[in-house]
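**Q** I'll drop the sequence and a predicted model, then ask my questions.
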Amino acid sequence: MGESRLRVPAEPYEFEFDSRRTALLVIDMQRDFVDPGGFGEQLGNDVSRLRRVIAPLQRVLEAMRSAGYPVIHTREGHLPDLSDCPPTKSARGHLTTGIGDVGPMGRILVRGSYGHDIIDELKPVGDETVIDKPGKGAFFATDLDFILRNRNIQSLVVTGVTTEVCVNTTVREANDRGYECLVLEDCVGSYFPEFQEYALRMIKAQGGIFGWVTSSDQLLAAIRPGQSVGGRV
Ligand code: TIU
């Protein structure tokens with residue numbers, strides 16, 4: 001087994017991690033948020049702002065997958081009877097077509113709907129973990145913490161959408177549970193450029209109050225020489 005401690009230039013300072021105890025988290029890269037014609041676009045959002053993360057995220061996914069890092073995908077959505085959807089959530093926004101209703105890609109944010117699933121470009125492979133979450137944070141009402149602890153994970157490379165909602169909530173939840181999060185600025189996206197900027201600034205402010213921020217290129221440069229993560233403990 002080779003050297004497992006790796007370092008990546010990051011803000012507010014260098015991120016150091018144990019490659020055997022690190023996982024890639026891909027948050028909510030679902031058709032309803034990201035694809036043209038989905039729920040997100042129907043709400044008037046510019047999905048191209050989210051789609052720009054696909055190419056760099058594909059490169060990170062491929063590199064970390066082939067090096068043997070665990071990959072965990074999440075999806076935001078609910079049971080078909082909406083019993084795990086707070087009525088306050090489905091009522092929010094007074095939408096004519098909202099959660100549970102039939103949208104352009106099937107029932108909106110309902111598990112099993114076409115629009116609820118992960119986009120083709122970032123499809124999970126093999127036995128990669130997929131966490132179905134009812135909330136914005138990936139830890140709330142899910143097995144994520146249990147799964148990470150069983151795999152002895154201590155650091156998370158965080159990607160996905162949206163930067164200020166599900167990514168930020170998840171990073172805060174992870175940080176409170178003792179995980180260290182490295183957020184890839186070009187692999188997280190927001191419909192709103194100002195939220196993208198400030199959501200990233202919030203994470204790395206005050207000495208890295210919730211985590212670290214770097215780019216996919218910096219991460220890839222750090223993990224390539226390490227090759228396979230080898231015998232994970
Ligand atoms: N995944 C995620 O961020 N869900 C959202 O609802 N995000 C919004 O920005 N609306």
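**A** Received, thanks. On a predicted model such as this, the values are computed, not experimentally measured, just so you know.
**Q** please count neighbours and contacts with C-alpha atoms only from this point.
**A** Fine.
**Q** state the distance from the most centrally placed residue in the chain to residue 146.
**A** Central residue of the chain (C-alpha atoms, centre = their mean): residue 27, 2.2 Å from the mean position. According to C-alpha to C-alpha, to the nearest Å, residue 27 and residue 146 sit 17 Å apart.
**Q** what of residue 73?
**A** In terms of C-alpha to C-alpha, residue 73 sits 15 Å off from residue 146.
**Q** those two: which has the busier surroundings?
**A** Between residue 73 and residue 146, counted using other C-alpha atoms under 10 Å, the more crowded position is residue 73 (22 against 11).
**Q** can you give me the pLDDT of residue 149?
**A** At residue 149, the pLDDT value in this model is 98.
**Q** what of residue 229?
**A** Confidence for residue 229, expressed as pLDDT, is 74.
**Q** check contacts around it.
**A** 4, 19-20, 67-69 (C-alpha atoms under 8 Å, 6 or more residues apart in numbering).
**Q** and what of residue 148?
**A** The contact partners of residue 148, by C-alpha under 8 Å, 6+ apart, come to residue 154.
**Q** that one: which element?
**A** When elements are defined using DSSP states H and E, residue 148 is found to belong to helix 144-150.
**Q** just the buried residues of that helix, please?
**A** For helix 144-150, the neighbour count (16 or more other C-alpha atoms under 10 Å) marks 144-145, 148 as buried.
**Q** kindly report the same for stretch 36-44.
**A** Neighbour-count burial for stretch 36-44, counted by 16+ other C-alpha under 10 Å, picks out 36-42.
**Q** for the ligand, state which of these is nearest.
**A** residue 40 (7.6 Å; C-alpha to the nearest ligand atom).
**Q** mind listing what the closest one touches?
**A** Residues in contact with residue 40 (C-alpha under 8 Å, 6+ apart) are 32-34, 47.
**Q** just to be sure, it is in a helix?
**A** Yes. Judged by DSSP: H, G, I helix; E, B strand; the rest coil, residue 40 forms part of a helix.
**Q** distance of it from residue 79?
**A** In terms of C-alpha to C-alpha, residue 40 sits 20 Å off from residue 79.
**Q** equivalent analysis for residue 150, please.
**A** For residue 150, the distance to residue 79 - C-alpha to C-alpha - is 26 Å.
**Q** for residue 187, helix, strand, or coil?
**A** Under three-state DSSP, the three-state class of residue 187 is strand.
**Q** what sits closest to it if chain neighbours are left out?
**A** Nearest non-adjacent residue to residue 187, counting by C-alpha to C-alpha, 6 or more residues apart in numbering: residue 53, 4.6 Å away.
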